[in-house]
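*Asks:* I need the structure of the sequence given here:
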Amino acid sequence: PRQGAAFATHIERLRTADAMSKLRIDFTTKLTPLAGGAETELAALLADRKALAFHFWSPWSRECEEFAADFAATVRALDKNGIAVASLLAEDDPRLIEDARTFAKPWQNLPCHWLRDSARQPLHVQLRVQSVPVLVLVSPDGRVLFNGHPADPSCWQALQQIAPKLERPPLAAPPDDH
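*Replies:* Numbers count the residues shown, from 1 in each chain. Next up, the predicted model:
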């Protein structure tokens, strides 16, 4: 009991891994684009790609802001290697959505889908997203292959299982107006 706090993070990681091993993502789930408009079905995002990577983020997260240039370089590398990316805003606060649109504007040219998580069956709840940024890699059959921080070396190991030629790109410079 006195050492419980020391093991809490490890225990939570094991519980999440166990939950992810049993989870299958429903590709009929529909999400709303961050900019507004008609909902998009996850199956359409995946299409004929090797996998789908969900990137959970928030414009109010300092770490997400600092990770933005690395995220942009990663998205380009994933796209070139046949992995689709959906960048998801998990919260539905109107102020957050407006800030997210402003934050994402310089990155709109990325081969990435900027979406809001579903209010009915939130993916961030199913995937146990507790903090951001988080990257979740999902196979075409809906299995979760990785769930964690995008800088985690096991993230890149999971990505390379899907696309063996994929290499982690060097950190990219942020756009001038960001």
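*Asks:* Just the residues contacting stretch 69-87, thanks.
*Replies:* Counting by Cβ atoms under 8 Å, 6 or more residues apart in numbering, the neighbours of stretch 69-87 from elsewhere in the structure are 31, 42, 45-47, 49-55, 57, 104, 107, 110-115, 133, 137, 150-151, 159, 162-163, 165-174. Heads up, the C-betas are built off the backbone N, CA and C, glycines and all.
*Asks:* Kindly report the same for stretch 118-130.
*Replies:* Contacts with stretch 118-130, where a contact means Cβ under 8 Å, 6+ apart, come from 16, 19-20, 23, 25-26, 29-31, 54, 56, 88, 90, 92, 117, 134, 136, 144, 147.
*Asks:* From those residues, which land in strands?
*Replies:* For the contacts of stretch 118-130, membership in strands holds for 30, 31, 54, 56, 88, 134, 136, 144, 147, with DSSP state E as the criterion.
*Asks:* Closest one to residue 38 out of the residues you listed, please.
*Replies:* Distance ranking of those against residue 38, using Cβ to Cβ, places residue 30 first at 8.9 Å.
*Asks:* The spatially closest residue to that closest one that is not a sequence neighbour and residue 117, how far apart?
*Replies:* Nearest residue to residue 30, sequence neighbours excluded (Cβ to Cβ, 6 or more residues apart in numbering): residue 39, at 3.8 Å. Computed with Cβ to Cβ, to the nearest Å, the distance linking residue 39 and residue 117 is 12 Å.
*Asks:* so what sits against both of those two?
*Replies:* residue 31.
*Asks:* Those two: who's more crowded?
*Replies:* Using other Cβ atoms under 10 Å, the more surrounded residue of residue 39 and residue 117 is residue 117, with 24 against 13.
*Asks:* That one and residue 101, how far apart?
*Replies:* The gap separating residue 117 from residue 101 is 15 Å, by Cβ to Cβ.
*Asks:* Among the contacts of stretch 69-87, which ones are in helices?
*Replies:* Judged by DSSP state H, helices contain the following of these: 42, 45, 46, 104, 159, 162.
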